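> Let me see the structure of the following:
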Amino acid sequence: MKKFSTYGFSGINIKKDIAKRFRAFSKDISKSHSETLEAMLNFFKWNNLDPNDNLIVKTDATKKRINALIAIVRNIKKQQTLPTKAMLDTLFQEINKVDKEEKEVERFDFGTPETLSQDTELEHYKKRYDQMQQELSTYRNNTKNLLKHLTYVKGTFGKGYYKLDMKKDELEKLQKELNNVHHHHCSESTG
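The predicted structure follows:
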């Protein structure tokens, strides 16, 4: 009661049916009739609206706001929606192409693997071991041969270095042997 006694009140005469509608509306949106009426007046003032307007765009300010919103929506459609749709369409087209290609590709049948007896398998690994021993022996011999052709040269102004005293064709032959052993090894292990 103290709150209401600090304000001065004024009476307004309105029709009963309108008063009834106003009381129901007031009950839905605020605590008092004064607050409801104040909110309604503020709405019309802040939005630059006339209560008799049927909200068909009449004011320039409202037209500008609506036009700005339309421009924003069109920009979003142009800059975001249409490019995204185009990317998704392209993606789905590519997925369909891949699916068709996979269906068309002939499946390769490796067949049933050949089973080896224990003796055959051991023989295979023994041969491979002997080959690797032979390759290791070749590497050792080539390295020893290469080291025989190295001579130490004492540097005049700095550290010394090793010089390779070997003819060009001998070095190329050694390189070919190393490459052949390497390629032979690769083809054996992958084949």
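> what about the residue nearest to residue 124 when sequence neighbours are not counted, how many residues close to it?
Spatially, and ignoring its direct neighbours in sequence, residue 124 is nearest to residue 116 (7.3 Å; C-beta to C-beta, 6 or more residues apart in numbering). Where you see a C-beta, it was placed from the backbone N, CA and C, and this is true even at glycine. Around residue 116 there are 11 other residues, counting by other C-beta atoms under 10 Å.
> Go ahead and list the helix or strand containing residue 116.
Here residue 116, judged by DSSP states H and E, is contained in no helix and no strand.
> so how far is residue 66 from residue 44?
Look at residue 44 and residue 66: by C-beta to C-beta, to the nearest Å, they are 18 Å apart.
> Let me see the ranges of the helices in the protein.
For the chain, the helices defined by DSSP state H occupy 2-5, 16-29, 33-46, 60-76, 82-104, 118-148, 168-190.
> Would you mind telling me which of the ones you listed is nearest residue 159?
Taking C-beta to C-beta, helix 118-148 is the member of the helices of the chain nearest to residue 159, at 19.5 Å.
> Can you spell out which helices and strands pack onto the closest one?
Judged by 3 or more C-beta pairs under 8 Å, 6 or more residues apart in numbering; DSSP states H and E, the packing partners of helix 118-148 are helix 168-190.
> what's the pLDDT at residue 67?
Note on residue 67: pLDDT of 84.
> so what's it up against?
Under the criterion of C-beta atoms under 8 Å, 6 or more residues apart in numbering, residue 67 has no contact partners.
> And it, how far from residue 74?
In terms of C-beta to C-beta, residue 67 sits 11 Å off from residue 74.
> could you check the distance from residue 70 over to residue 47?
For residue 70, the distance to residue 47 equals 19 Å [C-beta to C-beta].
> hang on, I meant residue 77
27 Å.
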